[in-house]
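**Q** predicted model, plus sequence, below.
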Amino acid sequence: MSKREKKVKAVPIWLGILVFILAVIVGAASKVFIKPAWAKQYAIQWSDEIGTRKTDLDYGEGAANKFDLYLPKDNTHASYGLVVYLHAGGFTSGDKAGDKEMLSWLCSKGYVAAGINYTLRTDVNSASVLSQSNEIKAAIPIVIEEAEKAGYHIDKLTMAGGSAGHCLAMIYTYRDGAQAPVPVVLTFGAVGPSCFYQEDWGIYGLDQNDEACAGMFSVMAGVEITAQEIQDKTYLEKVKPIAAAEWVSSNPVPSVVAYGTCDKVQPYLGSLRLKAALEENNVDFQYFELPHSGHGLQNDDTVNRQWMEAIETYLERYMPVR
Amino acid sequence: MSIEAKRIIVIAALVVIGFVLGRLAVRAFMNMLLGGMLFGGNFL
């Protein structure tokens, strides 16, 4: 018998291929479904042991103007901190239900937590980041009122979110926070766009020109911006209402943020402007940069963990459960 | 080396290589959508 024949006999080719394909599938599935052990503590499954959940409460006339309220089981405190967590989805998709585990975790720590929906941009409506930020602004007093009705006196507010939700949380914190019904004491989140400079946003489609940029910024800002305004930089005033970093000085609230250096969805360069604004205004902040990750913060578990631990630390520092 | 030992070694090698490539494939796909580097940071 030749050597070649012996090898084939050791592992038949069909068996080798089958084993390899199965191993690839198991490897891929392990990457998708198995989360790091440390992350599990922040993704709590809701149960009545945690508290009470009120869903789809109205805060406006729009079909999307709904919020969920998570009330902790211990209702004996004189006052509570409220954490509003706004969902991700590129301003065009997503739902508060997607943050159920995060909201459950916050509630399990003793906070009143709320997830707020906002009118998403579609092909047939004119919703924008500006209109969404105004919806959130309108929702906050009603969320607080609802918590008060349930017997939870709210005395502090933390605004948080992921991606688009982080953007809206920052806008509320820095732009509107000074007029909030209760003091906004903290904001945290990840990968939210905080400013809109043409030179940062190399992400507006294949046509990297002023018209394409004007089109994208017009949609986001909810106002008409022309290519000429892009050229002469007057667009900056028009995007200011949705540029959270430009408002830090109005309400310099402690902040914990995380950004991926390789982000393809929102510009990393913009996050550096936010960091500079936080430094200039002497904000107590933590800025986490994930050097191998993009918009999902998916490749840097060590930094991701540090970011979540910093959130816990800042929550305990600025909104302790009493 | 017996043929059984050879079989185990070859299959084990295929399992390890396949597992690693499966994880890398997911990472590459996620990086394509969201941005990110293929190596560095997390193990695989």
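**A** Perfect, thanks for sending it.
**Q** okay, the closest residue to chain B within the stretch 151-300 of chain A: pLDDT?
**A** Per CB to the nearest CB, A:G294 is where the stretch 151-300 of chain A lies closest to chain B, at 2.6 Å. Every C-beta, even on glycine, is put in place using the N, C-alpha and C of the backbone. A:G294 carries a pLDDT value of 96.
**Q** likewise A:S2?
**A** For A:S2, pLDDT reads 52.
**Q** wait, what's in contact with the residue of the stretch 151-300 of chain A closest to chain B?
**A** Contacts for A:G294 (CB atoms under 8 Å, 6 or more residues apart in numbering or on different chains) come out as A:260, A:262-265, B:30-31, B:33-36.
**Q** give me that answer again for 7 Å
**A** By CB atoms under 7 Å, 6 or more residues apart in numbering or on different chains, the contact list for A:G294 reads A:260, A:262-264, B:31, B:34-36.
**Q** not counting its neighbours along the chain, what's nearest it?
**A** With sequence-adjacent residues excluded and distances taken as CB to CB, 6 or more residues apart in numbering or on different chains, A:G294 is closest to B:G35, at 2.6 Å.
**Q** isn't the one you found up against A:D263?
**A** Yes - taking CB atoms under 7 Å as the definition, B:G35 is a contact partner of A:D263 at 4.9 Å.
**Q** identify the contacts common to these two.
**A** Common neighbours of B:G35 and A:D263, using CB under 7 Å, 6+ apart, are A:294-295.
**Q** tell me the one of the contacts of A:G294 nearest A:D123?
**A** Set against A:D123, the nearest of the contacts of A:G294 by CB to CB is A:K264 (23.1 Å).
**Q** if I look at that closest one, how far off is A:A97?
**A** Using CB to CB, to the nearest Å, A:K264 is found at 26 Å from A:A97.
**Q** burial measure for A:A43, as a count.
**A** Each residue near A:A43 was counted by other CB atoms under 10 Å in any protein chain shown, and the total is 12.
**Q** residues in contact with it?
**A** Contacts for A:A43 (CB under 7 Å, 6+ apart) come out as A:101, A:105.
**Q** can you read off the pLDDT for it?
**A** Predicted confidence (pLDDT) for A:A43: 85.
**Q** element containing the most centrally placed residue in chain B, please.
**A** Residue closest to the mean C-alpha point of chain B, counted by CA atoms, centre = their mean, is B:V20 at 1.1 Å. According to DSSP states H and E, B:V20 maps onto helix B:3-34.
**Q** and that helix, what does it pack onto?
**A** helix A:3-10, helix A:13-33 (3 or more CB pairs under 7 Å, 6 or more residues apart in numbering or on different chains; DSSP states H and E).
**Q** distance between the last one and the chain's centre?
**A** For helix A:13-33, the distance between its averaged C-alpha position and the chain's averaged C-alpha position is 34 Å (CA atoms, centre = their mean, to the nearest Å).
**Q** direction included, what does the helix or strand immediately after it in the chain pair against?
**A** Downstream of helix A:13-33, the first helix or strand assigned by DSSP H and E is strand A:51-58. Using DSSP bridges, strand A:51-58 pairs in its sheet with strand A:66-72 (antiparallel).
**Q** ok, the helix or strand just after the partner strand: who's next to it in the sheet?
**A** Using DSSP H and E, the next helix or strand after strand A:66-72 towards the C-terminus is strand A:80-86. Neighbouring strands of strand A:80-86 in its sheet, by DSSP bridges, are strand A:112-116 (parallel), strand A:154-162 (parallel).
**Q** now render the ones you listed as JSON lines, adding mean pLDDT and mean neighbour count.
**A** Formatted as JSON lines, those follow (pLDDT from 0 to 100; neighbours: other CB atoms under 10 Å in any protein chain shown):
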{"stretch": "strand A:112-116", "mean pLDDT": "98", "mean neighbour count": "28"}
{"stretch": "strand A:154-162", "mean pLDDT": "98", "mean neighbour count": "24"}
